[in-house]
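A.B. asks: When you get a sec, could you give me coordinates for this:
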Amino acid sequence: MAALAHRFPDDLFDLDHRAEPHACEVPMRSTAGLGERRFTAWRGRSGRRYVASVFAIGDDHALGFTDAVLLAVSEDRRVLAARDSGPFGVEAALMRWRQAVLSAGAREIHVHLLAEDGSSRRAALLDLMPEA
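C.D. replies: Numbers count the residues shown, from 1 in each chain. As a prediction, this is how the structure comes out:
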């Protein structure tokens, strides 16, 4: 019986895993035709890819998610800070964090919701957060 093979486009599974010295944004081709930018992807230092929803810095919806990875992103597309939203979404702490990253130059908050548990979120944070 002959084996079936199919070659998928390179960006479908995003198999290019070259390690980078810092996290970098990798815009998603599948959303390029949309009028607004609602989703993006980030490649961590490990080469792993993280899909995220994009919110303006003042959009309170960005802080309403629990168990999410939050990225504070500058106008020049750099991750300035990253944090776990936590299981309870402690509003006061998240508001203070947003005020601090706004003062540091953040213009957007990117929310990664696909990390399934605390250890996955910690791994994503370590991979995406800027080095000190």
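A.B. asks: what about the nearest residue to Ala104 once chain neighbours are set aside, which SS state?
C.D. replies: Once flanking residues are discounted, Ala104 sits nearest to Leu80: 5.3 Å by C-beta to C-beta, 6 or more residues apart in numbering. Every C-beta, even on glycine, is put in place using the N, C-alpha and C of the backbone. The local conformation at Leu80, judged by DSSP: H, G, I helix; E, B strand; the rest coil, is strand.
A.B. asks: Now for Leu80, how many residues are close by?
C.D. replies: Other residues within reach of Leu80 by the criterion other C-beta atoms under 10 Å amount to 17.
A.B. asks: for the one 3 residues further on, same thing?
C.D. replies: Residue crowding around Arg83 was assessed by other C-beta under 10 Å; the count is 17.
A.B. asks: Identify the bridge partners of the residue nearest to it when sequence neighbours are not counted.
C.D. replies: The spatial neighbour of Arg83 that comes closest, neighbours along the chain excluded (C-beta to C-beta, 6+ apart), is Leu70 at 5.3 Å. As for beta bridges, Leu70 partners with Arg83, Val111 under DSSP bridges.
A.B. asks: Mind pulling up the pLDDT for Leu70?
C.D. replies: In the predicted model, Leu70 carries a pLDDT score of 96.
A.B. asks: ok, back up a step: wait, the residue nearest to Ala104 sits on Glu108?
C.D. replies: No - distance between Leu80 and Glu108: 10.2 Å, which falls outside the contact criterion (C-beta atoms under 8 Å).
A.B. asks: Need the residues touching each of these two.
C.D. replies: Ala72, Val73 (C-beta atoms under 8 Å, 6 or more residues apart in numbering).
A.B. asks: Longest helix of this protein, counting residues only.
C.D. replies: If you go by DSSP state H, the chain has its longest helix at helix 91-103.
A.B. asks: what does it rub up against?
C.D. replies: Here helix 91-103 makes contact (C-beta under 8 Å, 6+ apart) with Ile57, Ala62, Leu63, Leu70, Ala72, Leu80, Ala81, Arg83, Ser85, Gly86, Ala106, Ile109.
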